[in-house]
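> Here's my sequence, what's the structure:
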Amino acid sequence: MEITFRILLVIFAVGLISVVLLQKGKSAGLSGAISGGAEHLFGKQKARGLDLFLQRLTIGIAVGFFVLALVVAYLVK
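Numbering: from 1, shown residues only. Take a look at the predicted model:
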C-alpha cells in the first residue's frame, strides 16, 4: 500500500511540474514583477480556454500532491 502511494506521489509530482511548465508567463521578468505586476494581479484580465484549463488542472494536481504527501508521511511514521 505504501509503495502504491509513493508511486502516485511521483506521478503527481511529474504531472505538477509538467503543467506548470506548460503555462505561459504572466509577467515580463523581474521588471514586470516590480512595476507592472499589480496590473496583472488586480486587472480584469480573465483566463480563457487553455490557460483556464491549465490553471484549474494545476490547482487540482497541487491539492492531490499535497494530500498524497501527507498520506505517505503518515504511512511511513
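> got the buried residues for stretch 52-60?
Within stretch 52-60, the residues scored as buried using 16 or more other C-beta atoms under 10 Å are Leu54, Leu57, Thr58. No exception for glycine: its C-beta is placed from N, CA and C like everyone else's.
> just checking, what packs against the helix or strand where the second one lies?
It stands for Leu57. Taking DSSP states H and E as the criterion, Leu57 maps to helix 50-76. The helices and strands touching helix 50-76, judged by 3 or more C-beta pairs under 8 Å, 6 or more residues apart in numbering; DSSP states H and E, are helix 2-22.
> relative to helix 50-76, how tilted is the helix it packs on?
150 degrees (axes from the mean of the first three to the mean of the last three C-alpha atoms, to 10 degrees).
> what residues does stretch 69-77 touch?
Met1, Glu2, Phe5, Arg6, Leu9 (C-beta atoms under 8 Å, 6 or more residues apart in numbering).
> Without its sequence neighbours, what residue ends up closest to the fourth one?
Closest residue in space to Arg6, ignoring its immediate chain neighbours: Val72 at 5.9 Å, by C-beta to C-beta, 6 or more residues apart in numbering.
> Give me the number of neighbouring residues for that neighbour.
15 (other C-beta atoms under 10 Å).
> quick one: it from Ile3, how far?
As for Val72, its distance to Ile3 is 10 Å (criterion: C-beta to C-beta, to the nearest Å).
> What of Leu52?
Taken as C-beta to C-beta, the span from Leu52 to Ile3 is 35 Å.
> how about the residue nearest to Leu8 when sequence neighbours are not counted, what does it touch?
Among residues not flanking Leu8 along the chain, Leu68 sits closest, at 5.7 Å (C-beta to C-beta, 6+ apart). Contacts for Leu68 (C-beta under 8 Å, 6+ apart) come out as Phe5, Leu8, Leu9, Phe12.
> got these as TSV, with distance to Val63 columns?
Output for those, formatted as TSV (distance: C-beta to C-beta, whole Å):
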residue	distance to Val63
Phe5	15
Leu8	13
Leu9	13
Phe12	10
